[in-house]
Structures are given as C-alpha cells and as structure tokens.
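sequence and predicted structure below; questions after.
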Amino acid sequence: MNTSTIVKQSLIALKANKLRSIFSILGIVIGVSAVVIILSLGQGLKGLITNEMEAFGPNMLNIAIKIPGVGQMGTVTSMVQGIKITTLKLEDVKDLKDKSIFPYIKGVSGQVVGQEWANYKDNEKRVMLYGCGADYPSVMKIAKIREGRFFNQNEEENLNKVVAIGSELADKFFENENPIGKKIKIKGQNFKVVGVFEPQGGVLFGGFDINSWIYVPLKTMLKEVLGIDYLSEIVLEIKDESYTDQAIGDISRLLRKNHNIKDPEKDDFQITTMKEIVDQVNEISVILNLLLGFLAAISLLVGGIGIMNIMLVSVSERTREIGLRKALGATRKSILYQFLIESLIITGLGGFIGILFGILVSMVSGIGAIAYGLAWPLTISWMAIAIAFFVSMAIGIVFGLYPARRAADLSPIEAMRKE
C-alpha cells in the first residue's frame, strides 16, 4: 500500500470522528500559540526596554545606593524589607559638578522619588513625584520639553515651588487650558507649572506611567515635600565614552572619601554604565523567555498526552477494522503508518493553526502597545515558530508511536473475534 493511500485512509478515519479530532487539534493549537505568543512578546518587551535604555546614550553613568557588602539583588531585597541607605547626599552632587576635579562631566542630576496626591481644580490624581536637578533634561536625552521650559539652577537653589509635568498629566489636568503658569496643589502647597514634557514613550519604572510624573527641583523635593536629606541615585553624563573607566575610578574615590569608606568591599554605592544596564536587561530577558517558554511547552506536552489518549481509544474502537484489514492482506507496516500519520496530521494541522493564531495575537498585542504609547517593536520570534512547529510534529511521532504500534501488533484472529 502506497503512502498516498495510507494518508487518504487516515483522513477518512479522522473525518469519521470530527469532534474528537477537533479537540485533539485544539490542544496542540493552544500549546503552539502559547509558545509563539510568549516568546514573541518577550522579544518585543526586550526590544522596548533595550531601545529606551539605549536612547539615554552610552555616555551616561548611574550612581545608586547599595547595602555595604552585598550585591545588587541583596540590596533590592533589603530595601523591600524597609532598610534605607541615607549616605548619598547633595554634597556628593555638588562635588561631582566641580569642573576642576571632573572636567569630563557634562551634567549631573541627583534624584529622589515619592508619591503624593496632586490636584488642579476638580481633578485629582496620585502621582509619582520625581525630584531632580536642573541638569536633568541634558543628562536624560529622552526628556524633551514640549511647552514652556524646565526649571533652572537658581530655582533649585532658592527652593522655588515650580514643576515640569508629563504630557499625560497635562492632558488630564488641563484639557484645553494652557498649563504654563497654572498652579498644582501637592501636599497642601501650590506649585507653579513652568513646563510640559513631550511624550516619553512608555510605562516603565515599576509600572508607573512616566508621562504622568511631576518633576520637582531636587532641593525643594527634599526639604519641602519629603523632609529628608538623602538621595536615591545620581545620574551624570560624561563627554565621551572613552572617559568611562577614568570616571568610575575618580567618582568611586570621591564617594569613598565623602562617605568615610576605607574598604572598597564596604561601598554604599554602585556605579553602572548604560551598557551594563542593557546587558543586565538582556540576561534577564533570556532567562525569563526560557522560563516562560518552558511553561508554555508544558501545554504542548499535555496536548501530546491527549493525542496519545485519543489514539488509544481509536485503536480500541477500531479493533475489528484492523483485524479485517490484516485478514485481507494489510501489512503490519501499513497499519503502523496509518495511525502514525493520523497523529501527525493532528499535530501538523494544530501546529499550523497555532502558529497563525500566535502571530496574529502577537501582532495585535504589539499594535495595541504602540497605540497605548509604548515604543514597542513589532517582532515575531521566528525561532519560537520553528521550535513550536517541529516540537508539535515530534509530539505527533512520540505520542502517536505507541498507539500505532499497539494497532500494528494486534492479532487478526483475536481482533476479528472482538465484539
């Protein structure tokens, strides 16, 4: 019996049990589409974060607080548990601005964050307050003013109550009004709006919409809003990437001197380059994609077990048919191939539909993210598609082989006797 005849018989058998075949295919569709969607969205998210990080430029350095003697993850864990590091001060920012010591530093901005309720007339919203220096727009390249201006150094030094706001907040609070010169009330105090940022492209930073932030002069934020005297981080820009190693060494020595640290192992700060941040994001993305891909692959495994179960039931129901065919001269090989091809048709069709559905959902999700304001790259993981399809076919072979062999090994006499 040739292959085309076997395929035709397999299709006839599947059509005879349409509902059973559809549900078997559905299991594979869900598994394959899950793999494609998860890995494609993971690749898109990686591209989004990487693009936004790289937009800051390679010349930016970040100085963050750190628990002495522990790594970055230990610091994050400790801070979640309520431990605070209060050694990063305004004096550090002042020293970093000293051109006689750091001639290669173009701009420095100390930073601290907090949450408060802000309102204008009848509009009220709990917002993220971002205390930063007057150099912030020059250091953070993605921060561009759409209307008005950013606050200046004199306003920061004089504790002036002025703010720049994100585009989303401006639209919510002021609608058709011109926000420049209007006053927003924060923590019972009036702050004058001097500028509005252009949309900055995304929901990052712990899920907070950066376009709804309020930017407050650093000293005003520390003394008038939060009532503290320490910073959470410092960002700075150097003239050229070639100064990176020198900058890290010079800044480390300055901070150790200011913080009275003798042993570098006990540093209460960590200096990170933008390249290191992007590399960390890439590493985390790979691990996350592998984990999510593994979880999605479980659904493929479940679908494969379902196929084996259905094929075993099919063998049991068609015992007399198998016996009759063997009695009429069908070989063990043709019986084996028929049931194996039935399994491959189910997984192949399910894999094809699952890939199409996964691509569709991935594209729609990407378009939705772009419509929401995210700079989401429309990416499809072709590797995920190839892997998902070949795995689905492998599942058809592996989980279809046992039922096929069981059918092929039936004795024609015993099969003909079965009621």
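Noted; the coordinates are in hand.

name the nearest residue to residue 251, ignoring sequence neighbours.
Among residues not flanking residue 251 along the chain, residue 271 sits closest, at 6.1 Å (Cβ to Cβ, 6 or more residues apart in numbering). Yep, even glycine has a C-beta here, placed from its N, CA and C like the rest.

residue 248 is in contact with the one you found, correct?
Yes - in this structure residue 271 lies within contact range of residue 248 using Cβ atoms under 8 Å: 5.2 Å.

who has more neighbours, these two?
Neighbour totals were compared for residue 271 and residue 248, and residue 271 leads with 20 against 16 (other Cβ atoms under 10 Å).

who does the more buried one form a beta bridge with?
residue 63 (DSSP bridges).

ok, now which ones touch it?
Counting by Cβ atoms under 8 Å, 6 or more residues apart in numbering, residue 271 touches 61-63, 248, 251-252.

then residue 402?
Per Cβ under 8 Å, 6+ apart, neighbours of residue 402: 308, 312.

you'd agree it is in a helix?
Yes - under DSSP: H, G, I helix; E, B strand; the rest coil, residue 402 falls within a helix.

ok, now how distant is it from residue 306?
Distance, residue 402 to residue 306, by Cβ to Cβ, to the nearest Å: 14 Å.

just residue 65 next, same as before
Distance from residue 65 to residue 306, by Cβ to Cβ: 52 Å.

tell me where the model's unsure across the protein.
For the chain, the stretches flagged by pLDDT under 70 are 1-17, 49-57, 69-83, 201-208, 313-330, 372-375, 404, 407-419.

which residue is nearest the middle of it?
Nearest residue to the geometric centre of the chain (Cα atoms, centre = their mean): residue 45, 4.0 Å.

sheet-wise, list the partners of the helix or strand hosting residue 236 with their directions.
Assessed by DSSP states H and E, residue 236 sits inside strand 233-238. Using DSSP bridges, strand 233-238 pairs in its sheet with strand 60-65 (antiparallel), strand 105-120 (antiparallel).

what about residue 101, which SS state?
Strictly by three-state DSSP, residue 101 counts as coil.

from what I see, it and residue 247 are in contact.
No - counting by Cβ under 8 Å, residue 101 stays clear of residue 247, with 11.2 Å between them.

of those two, which one has the most company?
residue 247 (22 against 12).

now the more buried one: how far from residue 288?
Distance from residue 247 to residue 288, by Cβ to Cβ: 31 Å.

same question, residue 120
For residue 120 relative to residue 288 (Cβ to Cβ), the value is 39 Å.

more neighbours, these two?
residue 120 (20 against 14).

is the more buried one in a bridge, and if so with what?
residue 123.

can you list the domains in this protein?
Per automatic domain parsing, the domain ranges recorded for the chain read 3-53+280-417, 86-267.
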